[in-house]
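In: Task: produce atomic coordinates for the following.
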Amino acid sequence: MTEQTPPGATPAPAPTNTMAILSLVAGIAGLSLLPFVGSVVAVILGPIAKRDIAASSGAQTGEGLATAGTILGWVGIGLTVLGVCITGVAVLLPLLLGLGLWGADSASSSLLSLAAFA
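Out: Residues are numbered from 1 along each chain as shown. Presented below is the predicted three-dimensional model:
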């Protein structure tokens, strides 16, 4: 026996893929609570969810959620890389220029005060 919907009734909607939901949640978390880790999880789960949805032949939905999660994941990874680069330049550039972390004046006075105690 096959189940048929009675006349006038709407069929039940297809369920949303769980990995698509998790990809979106991880993408949002990667931009807020779990930088980089959440973004990497979103980038991994998004394409897996899309593949599962395509293989289900319409039995599952959520392709848009998976796409959004993947995009948010890549944005989070890009912002993390950008932040690391900016931090690296902000720390290394003064060191390379001989300024130290607090400028040349405080570095030389720190060395002088240390030499006075030696």
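
In: mind listing what's buried in stretch 53-61?
Out: 53, 60 (16 or more other C-beta atoms under 10 Å). C-beta here means a position set from N, CA and C on the backbone, and glycine is covered the same way.

In: for it, what is the average pLDDT?
Out: What stretch 53-61 shows for mean pLDDT is 93.

In: tell me how far the ends of that stretch are from each other?
Out: Terminal residues of stretch 53-61 are spaced 6 Å apart (C-alpha to C-alpha, to the nearest Å).

In: got a list of contacts for that stretch?
Out: Contact partners of stretch 53-61, identified using C-beta atoms under 8 Å, 6 or more residues apart in numbering, comprise 13-17, 20, 52, 62-63, 66.

In: Could you list which of these belong to helices?
Out: With DSSP state H as the criterion, helices contain 20, 52, 63, 66 from among these.

In: Not counting sequence-adjacent ones, nearest residue to the second one?
Out: Distance criterion C-beta to C-beta, 6 or more residues apart in numbering; nearest residue to Asp52, sequence neighbours excluded, is Asn17 at 5.7 Å.
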